[in-house]
Structure formats: C-alpha cells, structure tokens
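K.L.:
Structure for the following, please:
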Amino acid sequence: MPPPKSALSDDHSAPDLEIVGNQLTIHPSGFTGGSGAQDEQITERNLVRHMARFRENPFEFLREVSLYMSGTGWRAYDDPIGQPVFYSGFSERMKTSILSSNMLQEKVRELASTRLAVEEKEGLIAMKEDATLEQKRARRRHEIESSLREVVDTMMDNMICKMESKKFIRGAYYLCTQLLTRAYHQGIHVSSEEVLRLRSVAEVACKKKQSIVFLPCHKSHVDYVSLQLICYRLGIGLPVVVAGDNLNIPILGPFLQHAGAMWIRRSFGNDPLYHTVVQAYIDTMLQQGFNFECFIEGGRSRTGKLLSPKFGILSFIVDSVLSGRVEDTIICPVSTQYDKVVETEYEFPSLELSTQKKENLADLLSSSSVLSLRLGRVDVRFHEPWSLREFLGQQITRLNMADLGPNQKLAQAERGRLLRTLGYRVLSEINDVSVMMPTALVGTVLLTLRGRGVGKAELVRRLDWLCERVRAKGGRVAHFYRSPTEMVVDRALDVLGPKLVGVITGLVEPTYYAVDRFQLSFYRNMLIHLFITEALVSVAMYTKIKQGGGPTNQRIGYEALRTQVSFLSQLFRGEFIFPPEGFTTNLEKTLRGLEADDVIHITCDDSGTPQFVELSESERLCGRENYDFYCFLIWPFIEASWLGAVSLLGLTPPLNGNKEIWIDVKKAQDSAQLLGKTLYHQGDLSYFEAVNKETLKNSYQQFGEEGILLVAKVKDGKAGPSLRLAPEWTPERDPHTGKVLPHGRLWDFTELIAQSRREGKNRRDGATVSSRVLRLSDVVGAELFQASSSLGPADISSNSKQMRRRAIGTDSKL
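P.N.:
Predicted structure coming up:
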C-alpha cells in the first residue's frame with residue numbers, strides 16, 4: 001500500500017470561527033471532506049466552550065451568572081427567528097388551540113356516541129319521570145363529553161411543553177452549558193456555512209409561518225441539549241422536543257418540560273383519544289410555525305451506528321401535511337458526533353448482561369464522575385433543509401396517484417412505503433453530513449488488525465490510510481485544525497482512556513491494544529456505513545479465500561459472489577443504511593472501486609462480462625491488510641446473525657412435546673446471549689461483540705420479518721411478545737434420539753451465514769454447527785420450553801390459539 005498524502009493536512013478549506021463568549025477567534029478548518037465541492041468551503045464554529053468555575057475564578061463566575069440572568073447581549077434571546085413563545089399564558093393558549101381542533105372535537109363526539117350506545121344497550125341510562133328518552137340521551141352525552149374533555153385536559157397538561165419564561169430559559173441555558181462543558185470540555189462545534197444556511201431558511205420559514213422539523217440521530221442524552229443550546233446561541237426559535245415520558249420524573253421532568261420537552265407515552269396502546277390528542281398537538285404546532293424536534297431512530301443507538309427509522313411521530317407529521325391541515329413544513333436532518341459518548345461509561349456493561357438497566361437521565365446527571373470527565377468535543381452538522389410537501393408530492397407521483405389534495409388518502413401499503421422512503425432518506429442525509437471523529441478512526445484501526453497490538457508508527461500510518469478511504473467515499477474526517485496525525489492520535493487515545501485502549505511499554509516501541517473491544521466497537525460502528533458494500537463483497541469472497549491453496553483456488557465466480565452478497569445484504573437490510581442506488585448498481589460500483597484501489601482483480605470474458613473475482617497480486621504482497629480491514633468491519637455482525645440462527649435451532653419443539661408452545665421473546669434473546677457467551681469462551685465464537693443485546697435483538701427482529709419466526713402479542717396483556725418457529729422453518733428431530741437433524745430450511749439458512757464467518761481454530765472442518773454447539777443450543781432451548789410449559793396444558797392451549805390468530809409472519813425473501 002503506497003503511503004498516502006497526509007489525511008490531516010488540507011490547504012483548500014476556509015477558516016473556522018470559534019466563538020467563546022463575546023470573543024471571535026479564527027482557526028483553520030476543523031475537518032476535511034470528500035471530493036465534492038460542497039465540502040471545500042465549509043467552516044466551523046465553537047459555540048460553547050469551557051466556562052468559568054467558582055473555585056478557579058469566583059469573580060468571572062459571578063460575572064457570567066449576572067450576564068445570563070440579566071439578559072445582556074445575545075444572552076437576552078430577545079428577538080429569535082420564529083414564532084413568539086416566551087410569555088405568560090402561552091401554554092393555556094396552546095391548550096385552547098388544541099381543544100378547538102375539529103379532529104379532536106369529532107373524536108370526543110365519536111367516543112361519547114360509542115359509550116352512549118353501549119350504556120343504552122345495557123340499560124344503564126338512568127330513568128327519570130320528568131325527562132323524555134331524548135333528553136336523557138342528551139344529558140348523558142353531555143356528561144360523557146365533559147368527562148372526556150377533562151381527560152383531554154389532563155393529557156395535554158402532562159404532554160405539552162411550557163416555554164413561558166425568558167428568565168427561566170436563560171437560567172436553563174447557563175445551567176446546561178455548565179453541565180455540558182464539565183463533561184465535554186472542548187464544547188460544541190458547528191459549521192459556519194451550515195448555520196448561516198439554517199438561519200436563512202429559518203427566516204423564510206418564519207415569514208411563511210412554517211415549522212422547521214429537526215430530525216437528529218440519537219446516540220446520547222446530550223443530543224437534545226446540544227441542539228437546544230445551538231438554537232439559543234444562534235437566535236433561532238427553540239424546537240419543541242419529543243421525549244418519552246420515562247424521563248418525566250420529579251424535578252427533572254418539569255424542568256425539561258419548561259425548557260421545551262413534549263412528553264409522550266412510550267406506547268399508545270389501544271387509546272384512540274390519546275392518539276388524536278398527539279395528532280392535534282402536532283397539527284397545532286406545525287400550523288402556527290413552531291419548530292419541532294424528534295429522533296428519527298426513536299430510541300438511542302447503543303451500537304454506535306444508525307438504527308432503522310421509527311415511523312411513530314414521523315407518521316403524525318406526514319399526516320398533518322397529507323391531510324391539508326398543515327400547508328408545509330421544513331425537514332432538517334441533523335448529525336451529532338462525539339469524541340466520546342458519555343453513556344458508554346455506565347451503560348455498555350449492561351449490554352453484556354441478560355438484564356439491561358432502564359434508561360434514566362437522572363442517573364447520568366447524578367454521577368459525579370460524569371460531571372468531571374474530559375470527553376473532548378461535540379460536533380453538530382446540519383444537512384440542507386428541504387420541503388416535506390415537495391417530497392410527498394414527488395413520492396405520490398411515483399405511486400401513480402393524483403396530485404396531493406387536502407383529502408388525500410393513501411392505502412396502508414402505499415403509506416408504509418412512503419414513510420420508509422422518507423425515513424431512510426433522512427438517515428442517509430445524516431450519514432452524509434456526519435464527521436468521523438478521531439476516536440472513531442483510532443477505534444476502527446485497533447479493531448481491524450490481525451495482531452494483538454500495534455505500534456505508534458503503524459497506528460499513525462493506518463489512520464492516514466483510513467482517513468483517505470473515508471474521504472474517497474465522500475465522508476468527512478475531523479482533523480482538528482490541521483494538527484499532525486501523531487497529535488490527533490494522542491488526543492484520541494487520551495479521550496478513550498486506559499479502560500478502552502491499553503499500552504505496553506518497555507518494548508522496542510510502545511504497543512497499543514484494545515482493552516474493551518465490546519465498548520470500543522461503539523466507535524468503530526460510527527463509520528461502518530461508509531464501507532458496508534465493500535465489507536459485504538469481501539466476506540462473500542471469503543467463502544473461497546478461507547479454503548487456502550493457490551490464487552486460482554481462492555477465486556470466486558461472479559455469479560456465486562453476486563448470490564452471496566445478495567443474501568448478506570438482505571440479511572442486514574434492517575441493520576445498515578445502504579446506498580440508495582439499488583443492489584445491482586451498488587455491487588458494480590463497489591467492484592470497480594475495489595479494483596481501482598488494487599484490492600481485487602476481475603477476470604472478464606471477451607464481451608466484458610465478469611467471470612471471476614480474486615485478490616490482486618499487490619493485495620497478497622501487502623498481507624491482505626486492506627481486504628482484511630473490510631472483513632473485520634462486518635465479521636462481528638455476521639457472528640451475531642449466526643449466533644441468532646444457531647439459537648433458533650434450539651427452539652425446535654421437543655420430540656414428544658407440544659408443537660405450538662410460544663416462548664417469551666425477551667427470554668429467548670437472553671438465552672441466545674447466554675449461549676453466545678458460552679460459545680465465545682469455548683472458542684466457537686470469534687467476537688464477544690456478537691453477544692451485544694442490541695445486535696441480537698436486531699437479528700431476531702430480522703428473523704421475524706423474514707417469516708422464520710412468528711411473533712405475536714397478547715392484546716391488553718402485561719406479558720411481552722412471544723415467538724415460535726414458523727412451521728416451514730422448523731427442523732426435524734431424529735425419532736429415536738430426539739436430536740435435531742442437520743437439514744431443512746433453517747439449517748441451510750445457517751449454513752449460508754456460516755460460509756462468510758471468520759475461520760477459527762475450532763471450526764476448520766467447515767461444519768455449520770458442530771455437535772457440541774448444537775448440543776448447547778438444544779440445552780438452552782430445552783430450558784425455555786420447560787419454563788413455558790410450566791403454564792399448564794390448559795393455559796398453553798388457550799394461549800397458543802390466541803397467539804396463532806395474532807401471529808405476524810411473511811415469506812422469506814432470501
């Protein structure tokens with residue numbers, strides 16, 4: 001591999017602006033981008049920096065407090081771009097607007113009529129001699145509607161944000177800045193070009209009374225704090241932030257609600273009134289032009305990469321525009337990246353356990369160690385905003401429907417397709433503007449090397465190479481003001497700390513190694529989306545390369561390669577965000593890129609049709625380090641999918657037992673995790689990251705979507721969802737020994753995954769599942785069946801019938 005030009009030096013970017021208080025400082029650009037011209041002029045600001053501490057400088061500390069509380073200069077937040085919010089009575093005015101919603105009033109009347117009909121049918125309407133039947137009905141209807149309006153009023157009081165006081169907001173801004181800069185001592189950085197563009201869009205939206213809907217990724221509780229601080233500092237109307245009511249706890253809950261939080265239930269259940277109240281509230285905000293923020297992934301990512309889009313709140317927003325109740329709204333995808341994510345310190349251990357600690361912001365804030373950490377900086381990037389109405393119009397045209405009208409109705413399938421397209425477009429644009437932080441680069445290098453450790457010189461060389469690859473793929477690399485690579489590496493190692501990256505001294509050169517691969521994988525996953533297609537092609541080639549022998553023996557036929565890549569991309573379609581061009585285009589583009597990089601060689605026939613794909617001679621000479629890099633990126637995920645598939649083999653019903661027993665999903669996933677830990681320590685699993693609860697959960701979700709598993713919920717029940725193998729996927733057992741027989745759809749499915757697994761010392765025979773692995777899977781499965789059968793025969797039968805009616809499954813597309 002030829003030595004690349006230093007990835008951390010670039011003379012074409014405009015200078016950055018660092019804003020600290022009232023001072024302005026010019027710095028070189030903080031990152032370099034891809035080859036596109038749009039990256040060359042992007043500049044950067046540091047909006048929030050280390051603030052005065054009382055013990056260090058009491059006079060400066062008191063001065064800052066007085067400036068914030070008196071509202072001096074920009075701190076006054078007197079004339080933000082957006083609709084007026086901060087006045088007494090704002091919350092009541094919002095309540096009145098929501099209650100006047102025709103949709104909400106109709107729902108109240110509808111529910112009242114339904115209840116009245118039930119009472120009348122059951123003879124519950126009180127009989128009075130001085131009233132006719134119609135008068136009794138009218139009186140009872142009024143009582144029911146009044147009761148429902150009281151319920152609505154309680155719902156709204158618990159739900160709506162209450163940003164009424166400028167003084168409170170100034171104090172909240174100061175407090176949050178103090179807390180944030182204690183953890184992230186280098187503050188929040190943004191692109192000057194992006195925020196100037198955002199302000200321009202906000203001014204136009206304000207005149208049209210349109211809302212900006214911010215759709216950020218979600219890795220940390222700091223996400224919504226940082227975006228609020230940025231909007232405050234830039235003079236943009238603070239967005240109302242959708243938040244789960246699990247964070248609505250004493251003291252903290254009311255504070256966040258007055259700072260912009262909108263509380264919603266984690267699950268609406270079968271409550272049409274609550275659903276309508278949420279829709280009416282969102283309608284009201286978008287109609288009046290208030291900015292809005294919700295997380296496109298729903299919950300926080302605990303793996304470092306983007307999660308699949310969630311369509312709950314997104315569906316409400318789309319319905320507002322589709323119905324014509326809202327003219328238009330502006331969509332703004334947002335990427336938030338960290339040197340180090342503060343939650344990983346206390347949260348990642350729970351991902352290794354069968355029980356996961358419930359998400360709790362209070363626990364995070366109450367940790368004194370968190371408030372004294374030095375975690376580097378936060379980078380927030382804004383994609384160019386765009387019109388939701390224009391997007392919906394384009395999509396409806398593609399669906400061959402009429403122009404978007406005020407009463408436009410979409411079929412369920414068409415609506416789902418539209419929401420998926422919207423969700424994945426937002427995720428793709430978040431990835432487009434994301435900046436790869438030094439910690440992500442260093443973590444990736446450490447987890448994609450064959451050796452136990454790496455010297456400083458080699459670490460720097462590989463980091464330079466990785467930076468070049470990131471930029472070549474159109475990504476952005478944070479280089480921190482053109483500092484030499486060695487300094488950036490030192491900075492990243494310092495932020496990651498000795499708990500994640502260790503160093504062995506007393507050798508020829510200091511040697512660095514991954515201490516906590518499980519936690520370090522979080523940072524590796526931050527950039528995996530850039531190389532996902534190269535990784536899939538590489539592990540598809542590995543099905544031949546692992547066989548060894550000469551180059552001819554290791555080449556793979558083009559059709560065989562295409563088949564395996566297609567299978568893997570289908571397997572991981574819910575795990576990764578793929579380029580939008582489609583499978584065939586992505587594959588051809590990836591092969592051309594790898595060949596141009598001299599990683600592979602493609603043999604074509606006389607007509608130019610690819611016949612064989614193999615490693616290039618230069619790649620073999622350099623020890624396959626570039627090819628191995630791509631394999632190491634994806635192997636942990638292949639291991640997780642393989643582990644999930646192996647655990648399904650254990651769900652084969654006992655030989656003489658009930659064939660329709662349903663097993664609790666959480667217990668099944670916990671058992672798969674226990675099986676994975678056992679296989680890892682016995683050498684049958686190469687990567688401990690494969691036992692990550694979130695990754696296993698994603699695998700099970702994918703198996704359900706493919707129809708391998710039937711997953712069902714009991715309505716109005718407290719029990720969680722349950723599962724069982726679909727009949728056509730259920731393996732057979734030997735009628736004499738009771739052992740699972742090595743054939744069938746699930747066995748073949750597991751074999752396809754196993755072909756791309758990393759070869760290990762205990763797996764050189766090429767067997768999909770060795771006898772010991774299958775035995776362990778069966779032991780774990782037997783315990784699950786035994787626990788499920790403890791319900792008793794009558795309960796099992798009744799439960800199975802109910803589950804069967806509600807089971808959701810689709811045919812496999814693999």
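
K.L.:
Can you name the residues that contact Lys340?
P.N.:
Applying C-beta atoms under 8 Å, 6 or more residues apart in numbering to Lys340 gives the contacts 373, 375-376, 439, 495-496. C-beta coordinates here come from the backbone N, C-alpha and C atoms, glycine included.

K.L.:
May I ask which two of these are separated the most?
P.N.:
The span of the contacts of Lys340, defined through C-beta to C-beta, is set by Leu373 and Thr439 at 13.4 Å.

K.L.:
now the contacts of Lys340 in TSV, with neighbour count and pLDDT?
P.N.:
Below are the contacts of Lys340 laid out as TSV (neighbours: other C-beta atoms under 10 Å; pLDDT from 0 to 100):
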residue	neighbour count	pLDDT
Leu373	17	70
Leu375	23	86
Gly376	23	84
Thr439	29	94
Val495	22	91
Leu496	25	92
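
K.L.:
In this protein, which strand is the longest?
P.N.:
Longest strand of the chain, by residue count under DSSP state E: strand 330-338.

K.L.:
Could you pull out the buried residues of the one helix or strand Ser320 maps to?
P.N.:
Ser320 is part of helix 312-322 when elements are defined by DSSP states H and E. By 16 or more other C-beta atoms under 10 Å, the buried positions in helix 312-322 come out as 313-322.

K.L.:
any idea how far the spatially most central residue of the chain is from Glu705?
P.N.:
By C-alpha atoms, centre = their mean, the chain has its centre lying nearest to Leu307, at 2.8 Å. Distance, Leu307 to Glu705, by C-beta to C-beta, to the nearest Å: 15 Å.

K.L.:
Now do the helices in the stretch 601-750 of the chain.
P.N.:
617-621, 625-649, 665-681, 693-705, 745-754 (DSSP state H, counting those that start in this stretch).

K.L.:
Please apply the same query to the stretch 201-350 of the chain.
P.N.:
222-234, 252-258, 272-288, 312-322, 344-351.

K.L.:
average pLDDT for the longest one?
P.N.:
Yep, that's helix 272-288 we're talking about. Helix 272-288 comes out with an average pLDDT of 95.

K.L.:
distance between stretch 556-572 and the chain's centre?
P.N.:
Distance, stretch centre to chain centre, for stretch 556-572: 26 Å (C-alpha atoms, centre = their mean, to the nearest Å).

K.L.:
which sections of the stretch 651-800 of the chain are below the confidence cut-off?
P.N.:
Low-confidence segments of the stretch 651-800 of the chain, defined by pLDDT under 70: 714-718, 760-768, 789-800.

K.L.:
Ok, the stretch 151-300 of the chain next?
P.N.:
Using pLDDT under 70, the stretch 151-300 of the chain has no residue that qualifies.

K.L.:
Quick one: the strands in it, in order.
P.N.:
In the stretch 151-300 of the chain, the strands defined using DSSP state E, counting those that start in this stretch lie at 188-190, 212-216, 240-244, 261-264, 292-293.

K.L.:
out of these, nearest to Asp734?
P.N.:
The nearest among those, by C-beta to C-beta, is strand 240-244 at 48.4 Å.

K.L.:
Name every strand pairing with that closest one and say which way it goes.
P.N.:
Strand pairing for strand 240-244, using DSSP bridges, gives strand 261-264 (parallel), strand 292-293 (parallel).

K.L.:
Please enumerate residues in contact with that strand?
P.N.:
Contacts for strand 240-244 (C-beta under 8 Å, 6+ apart): 161, 163, 224, 227-228, 256, 260-266, 285, 290-295, 299, 313.

K.L.:
Now that we have those residues, which of them are buried?
P.N.:
Buried members of the contacts of strand 240-244, counted by 16+ other C-beta under 10 Å: 161, 163, 224, 227-228, 256, 260-264, 285, 290-295, 313.

K.L.:
Turn the helices of the stretch 201-350 of the chain into JSON lines, including distance to Arg524.
P.N.:
Listed next are these as JSON lines, based on distance: least, C-beta to C-beta, whole Å:
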{"stretch": "helix 222-234", "distance to Arg524": "20"}
{"stretch": "helix 252-258", "distance to Arg524": "32"}
{"stretch": "helix 272-288", "distance to Arg524": "37"}
{"stretch": "helix 312-322", "distance to Arg524": "29"}
{"stretch": "helix 344-351", "distance to Arg524": "13"}
